[in-house]
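K.L.:
A structural model of the following input is requested.
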Amino acid sequence: MVEHLTNETFKEKVFNYENSKEWKYEGEVPCMIDFYADWCGPCKMVAPILEELAEEYDGKIKIYKVDTEVERELASVFGIQSIPSLLFVPQEGQPQMAAGALPKDTFEKAIRDVLKVEK
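P.N.:
Numbering: from 1, shown residues only. This next block holds a predicted model:
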């Protein structure tokens, strides 16, 4: 199940950017974060793919969504210029950003290569 994050839940589950300048992922498993808006056509195309991936990788990765219209502070912290933008957050190491409505196989490749997770 894809989970929507607010600024507060983001700081608990992903990264508390107010307390730390250095990246430290708070989660138990790697995650993907979809920065989107309700009015965005490409975002709507990506949403069902993310739902499928959430089911297929259940327990291995978390998939979060951040509404850039509501959570403007989070969008600005990550320098979101275009949507959809997806942040791939591995358990160890730095997160990587990808922009645009990507096909499912591209997501799966990033899950393998960036998040180091197999189905």
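K.L.:
mind checking the SS state of the residue in the chain sticking out farthest from the centre?
P.N.:
Going by Cα atoms, centre = their mean, the residue of the chain most distant from its centre is residue 19, 20.5 Å out. In three-state terms, and counting by DSSP: H, G, I helix; E, B strand; the rest coil, residue 19 is coil.
K.L.:
now swap in the one 3 residues further on and tell me
P.N.:
In the three-state summary, residue 22 is assigned as coil, counting by three-state DSSP.
K.L.:
count of neighbours near it?
P.N.:
Neighbours of residue 22 under the rule other Cβ atoms under 10 Å: 5. The way it works is simple: take the backbone N, C-alpha and C, and place the C-beta from them, glycine included.
K.L.:
From residue 49, how far off is it?
P.N.:
Distance, residue 22 to residue 49, by Cβ to Cβ, to the nearest Å: 32 Å.
K.L.:
swap in residue 87?
P.N.:
Going from residue 87 to residue 49 by Cβ to Cβ gives 16 Å.
K.L.:
again with residue 104
P.N.:
Taken as Cβ to Cβ, the span from residue 104 to residue 49 is 5 Å.
K.L.:
Low-confidence bits of this protein, can you list those?
P.N.:
Nowhere does the chain drop to pLDDT under 70.
K.L.:
top helix in this protein by residue count?
P.N.:
Secondary structure of the chain per DSSP state H: the longest helix is helix 41-56.
K.L.:
Please spell out which residues along that one are buried.
P.N.:
43, 46-47, 49-50, 53-54 (16 or more other Cβ atoms under 10 Å).
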